[in-house]
Each structure stands twice: as C-alpha cells, then as structure tokens.
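> Got a predicted structure here, sequence first:
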Amino acid sequence: MCLGVPAEVIAVPDPDVPRARVAISGVERTVATDLLVDEGIGPGDWVLVHVGFALSRIDADEAAITLDQIKRLGGDTFGTELDSFRTSAID
Amino acid sequence: MKYVDEFRDPAGAKVLLRRIDELVGRLDRPLKVMEICGSHTHTIYRHGLEHLLPEQIEFVHGPGCPVCVIPMGRIDDALWLARQPGVILTTFGDMMRVPGSTESLLQARATGADVRFVYSPLDALPIARANPDKHVVFFAVGFETTAPSTAVTLERARVESLANFSVFSNHVVTEPALRAIVNGGETEVDAFIGPGHVATVIGTTAFDFLAEEFNLPVVVAGFEPLDVLQAVEMLLEQFTSGQVASGRARVQNQYARVVRPEGNTVAQKLMGRVFRTRDAFEWRGLGWIERSGLGIAPEYARWDAEQIFRVPGVRVADPPACECGSVLTGRIKPWQCRVFGTACTPATPIGTCMVSPEGACAAYYNFGRLTRQTAQAVAIRD
C-alpha cells in the first residue's frame, strides 16, 4: 500500500477541480491532485502517485543530476560498459 | 518505465558497488544501516542488494511498514466495527489478511460481515453515497505518506455533509518511533536510510534530529536499486570523510527528484487541521509510544468512528510464537523467528510482518532465497 508510482499527467479536465488524468505504465486513470494545488500541475508533468493521490511533482532535472552523479562516480566505467555493449553483435 | 528503468541500470549499480567497496576498505568497523521504510526492505530483498554489498554493511530492518506496526487489539477493534449492524468496513487490501485474535477481516467477510477493500480512501465515499441506509467506516492505517489522503477524504465528507461515513484512524507518525529505537538501546544502528515517501510529505528537515541530537547520518532515498546503493555510498562518505567521527553527521537527500527539504506543505497543513496527536498509541513490537498516533480532530468528530461507535479498545498480546516485535525493531532477522517459513508463511501468516509485501518477513520469504555465495556467482560484479 505504500508504493509510490511515477505517472505522466495527460490532462487536467477542469482547472477548478483537483483531478488529473494520468498514465501509469500505459494505463490511464484519474488521480486526486488536492495535495498539489499550489504546483499548477499540467499535461506533460510527471507526478508520484500514492493511494490515488499525486503526492509530489517529479523533477526531471533532479533525476538527471542523480543519474549523472552515479555516472561520474564511475569515471570511465560507465562509458566502458556502454562501449562494450556497442561492440556486441548478437543478432 | 520512466523514472524506474534508469534507476535499475546494471551499469550504474556496478559503478556504485565498486565505489562502495573502495569506501568500505577505509572503514575502521562494520556498519549497521537501518532502512526505516518497508518499501526499502522490499527493494533490498527483491534485488538481492544485501548480498551484493560487502559484509561490513549490514541492513537492519526498521518499523516502517504501517500494516506491520498495527497491534492486534486495533485489528480486533476493526473486526468489532465490521460486525456492527449496518456497517460497511472499507480498508486497504493489505489489511484484509492481517490476523486478529480470532479471525481476519477476510474471514469476517466470508462469514457475513460487509468488508470491502479500496485502492484509495476516496473510493470509500461513493460507497457511502450509494448506501445511504448503511454506515461506511474507513479503517485507516499508514504513516505521514498516507495520512494526507485520509485528511482530504475527511475534508470532502465534511464539505458534502456526508452523514453516513467515518474514519477509524490508526495513522502513526515517524519521529516518536525512531526516537524509541534510538533511545531504547536494544537496537544498535550506525546510520539510517530515510523513508523517501514519508519525506515527500514531512520533508528531509524532519530527520535533522537524528543528526543533530544523536550524530547519526541519514540519507533520504528513493526505492529503486540505484537509489538504495547510492544512499549507502553517501552514508559511507560521511563515515570515511571523518564527518561522523567529528560529530558532524548530516541529513542528505538522495531522492531530490521527488523530495523537497520542506516536504509538501499543503499536506502538512491539511493533516494539522484534520488530525490531533494522541497522548500515546500502541505499536506492535515497540509498545506504547507517546504522541505517536493521529486521532481525528474535535472539529471532525462527526466523522470519527471512535466517537460514533463505542469501539471496545481491545488490548491483546501478540501470539507467543510470533516475533514480529523483534523483527520490527531490528533485534532479529526474519529467518531467526521460530515460526518463519514453517507455521508462518504469506499464505498462512501469524504475524503482520508476513502479511504485507513491505513486511520484512514476507520480503525475505518471497525473495531472500539466495545464499551469499549464489548471489555473488550470479552478480553483476567483475
């Protein structure tokens, strides 16, 4: 029950009603946006959904920074891994 | 899936594990890291992280599974509510199989009680509207992650003047339980992986007391394997850099894509309005903890099941065979419980830790079957 699932906002049918249509792994459903009223959520935004409520806006820049930190920790490891992946010739 | 797959990337895990190995080499002692949240426990077992990490890092599972910490007496109270004439009891699916002292809600339903599970607290409202001659109770459980959803639902019931709906609140808050563990002295913990979704609501600053008062480092983390591994790496940096030794442990935010330092202030205000802090609340394994539970505020008493019904307030000791209490406080590992995997399985749970997918026992039962040797043999390490 404690799961939080990333979902993409598809539409906000009525700006005065705290509801949004979102897609979760391809499935569309309505979630409550009461807890994000100050955020001005709109189509294309990503939110974290928990028990039918959008709990937080997912920040794409912060996600990229986290992944970049991990890559940089590895020095060339990440690049080497990618390079070896490119040399693979499985058909 | 966006924001999931990239945080499961094996190449990233390899980078982090290599860095963790390097840092562990500089440690002067092994570390016990408590993950507070049951969803982290789930991630650790599901992805076999405990075997990928060096032996010097030991995960201790904390009390952060809301289903697991509900004492049996409160389950019996919910069963009593479900048996009242004209009552429809609604709750999350995870609560259905939790054993009370004589039966579970699922068993009560099989023998005539109207018990329904809902995905969201808001789903209980249409049930109330459609059954004006019945009274719909929502049996609410959860930490600060879930409490705001109940608060919105109660607010909606008030706006609609919905007379046949109430909430049986069993919401709990994180800080008093963490203080009980840190002050209790029975569980040794060197550092914490902070609960990302609780922090979404209460913010990372809510964990400052662990660093400031106890010099315990905290990294608030997400729930994918790379999140947990990076959190371990960040904790190790605090130890190997000498910050912890010099009394400068910090709270850090690994889950910045979702968690803001101040949390969700709209949710905090709603909770402040709809709930009141109870003087004390009983936790499985931890006993009575002062100011750790959320009841319904007097202004919302018309929707408070404990005001509407004479809920018996049953106090029941846990079954003697069950050691959930020790598992929840990190004193023993799931497999060290006498009934683990024999009398107590996910199909026939005795304790709460085996019921919820986020419970440490269920997570270990379902996923923790690899020995360290096997895990190393199939692992992504070089």
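That came through, no problem. Source: prediction; values computed, not measured.
> could you pull out the strands for the chain?
If you meant another chain, say so; for now it's chain A. Listed in chain order, the strands of chain A (DSSP state E) span A:5-11, A:19-24, A:27-32, A:46-50, A:53-57.
> The chain in question should be chain B.
B:31-37, B:57-64, B:87-91, B:114-117, B:135-142, B:165-172, B:191-195, B:218-221, B:251-253, B:275-277, B:280-283, B:287-290, B:293-296.
> re earlier: okay if I get the strands of chain A as JSON lines plus mean pLDDT and mean neighbour count?
C-beta: built from backbone N, CA, C; applies to glycine. Below are those laid out as JSON lines (pLDDT from 0 to 100; neighbours: other Cβ atoms under 10 Å in any protein chain shown):
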{"stretch": "strand A:5-11", "mean pLDDT": "95", "mean neighbour count": "18"}
{"stretch": "strand A:19-24", "mean pLDDT": "95", "mean neighbour count": "18"}
{"stretch": "strand A:27-32", "mean pLDDT": "94", "mean neighbour count": "16"}
{"stretch": "strand A:46-50", "mean pLDDT": "96", "mean neighbour count": "24"}
{"stretch": "strand A:53-57", "mean pLDDT": "96", "mean neighbour count": "25"}
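> out of those, which comes closest to B:N131?
strand A:27-32 (21.8 Å; Cβ to Cβ).
> The longest helix along chain A close to chain B?
In chain A, assigned by DSSP state H, the helix with the most residues is helix A:60-73. Yes. For helix A:60-73, a contact with chain B is found by Cβ under 8 Å from any Cβ of the partner chain, at A:60, A:62-63, A:65-67, A:69-71, A:73.
> Just the buried ones from those residues, in PyMOL syntax?
PyMOL command restricting the residues of helix A:60-73 next to chain B to the buried ones, with burial defined by 16 or more other Cβ atoms under 10 Å in any protein chain shown:
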select buried, chain A and resi 62+63+66+67+70+71+73
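> Output the residues of helix A:60-73 next to chain B as JSON lines; include the columns pLDDT and distance to B:R273.
Listed next are these as JSON lines, based on pLDDT from 0 to 100; distance: Cβ to Cβ, whole Å:
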{"residue": "A:A60", "pLDDT": "93", "distance to B:R273": "32"}
{"residue": "A:E62", "pLDDT": "94", "distance to B:R273": "30"}
{"residue": "A:A63", "pLDDT": "93", "distance to B:R273": "32"}
{"residue": "A:I65", "pLDDT": "92", "distance to B:R273": "35"}
{"residue": "A:T66", "pLDDT": "92", "distance to B:R273": "34"}
{"residue": "A:L67", "pLDDT": "91", "distance to B:R273": "38"}
{"residue": "A:Q69", "pLDDT": "91", "distance to B:R273": "38"}
{"residue": "A:I70", "pLDDT": "89", "distance to B:R273": "40"}
{"residue": "A:K71", "pLDDT": "86", "distance to B:R273": "44"}
{"residue": "A:L73", "pLDDT": "84", "distance to B:R273": "44"}
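> coming back round to it: let's have the strands of chain A in TSV, adding distance to B:T145.
Listed next are the strands of chain A as TSV, based on distance: least, Cβ to Cβ, whole Å:
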stretch	distance to B:T145
strand A:5-11	13
strand A:19-24	17
strand A:27-32	14
strand A:46-50	6
strand A:53-57	7
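> can these go into a markdown table with extra columns for distance to chain B?
As requested, the strands of chain A are exported to a markdown table (distance: least, Cβ to the nearest Cβ, whole Å):
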| stretch | distance to chain B |
| --- | --- |
| strand A:5-11 | 4 |
| strand A:19-24 | 9 |
| strand A:27-32 | 6 |
| strand A:46-50 | 5 |
| strand A:53-57 | 5 |
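> Please parse the chain into its domains.
You didn't say which chain, so I picked chain A. A:5-58, A:59-91 (automatic domain parsing).
> Chain B was what I was after
Split by automatic domain parsing, chain B gives B:5-65+B:186-197+B:204-253, B:68-174+B:263-308, B:324-364.
> could those domains be laid out in TSV, adding mean neighbour count?
Formatted as TSV, these follow (neighbours: other Cβ atoms under 10 Å in any protein chain shown):
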stretch	mean neighbour count
domain B:5-65+B:186-197+B:204-253	21
domain B:68-174+B:263-308	20
domain B:324-364	22
